[in-house]
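# What follows is a predicted protein model with its sequence.
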Amino acid sequence: MENDMSKILNELKEIRIDINFLKNHMVDVDCILTTEEKSELEEARKEYERGETTSLKDFEKEMELIHKHK
């Protein structure tokens, strides 16, 4: 019985080590882009470089004006 308990405890320790390894080496799925997302990001960068984007500050001002006129 004691030998069985010892085996179980050793197995649990090994499982804990494996779990800790997995936790430390997991990839954050939110950091992985799909092919479509990569294309969209590249297009957004090109638009930014061409000056075709709006700053957040300007966008917020525009939204304030729209909501005031409703």
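Received, thanks.

# Mind pulling up the pLDDT for the residue nearest the centre of the chain?
In the chain, the centroid-proximal residue (CA atoms, centre = their mean) is D30; its distance is 2.1 Å. As predicted, D30 sits at a pLDDT of 83.

# The longest helix belonging to the chain - what's its average pLDDT?
If you go by DSSP state H, the chain has its longest helix at helix 2-25. Rounded to a whole number, the mean pLDDT of helix 2-25 is 95.

# what sits up against the next helix or strand after that helix?
Per DSSP states H and E, the first helix or strand lying C-terminal to helix 2-25 is helix 35-49. The contact list for helix 35-49, computed with CB atoms under 8 Å, 6 or more residues apart in numbering, reads 33, 53. In short, each C-beta sits where N, CA and C put it, glycine included.

# for helix 35-49, the distance to its chain's centre please.
18 Å (CA atoms, centre = their mean, to the nearest Å).

# quick one on the thing from earlier: buried residues, the longest helix of the chain. List them.
Buried residues in helix 2-25, counting neighbours by 16 or more other CB atoms under 10 Å, are absent.

# where's it relative to the chain centroid, distance-wise?
From the chain centre to the centre of helix 2-25 is a distance of 29 Å (CA atoms, centre = their mean).
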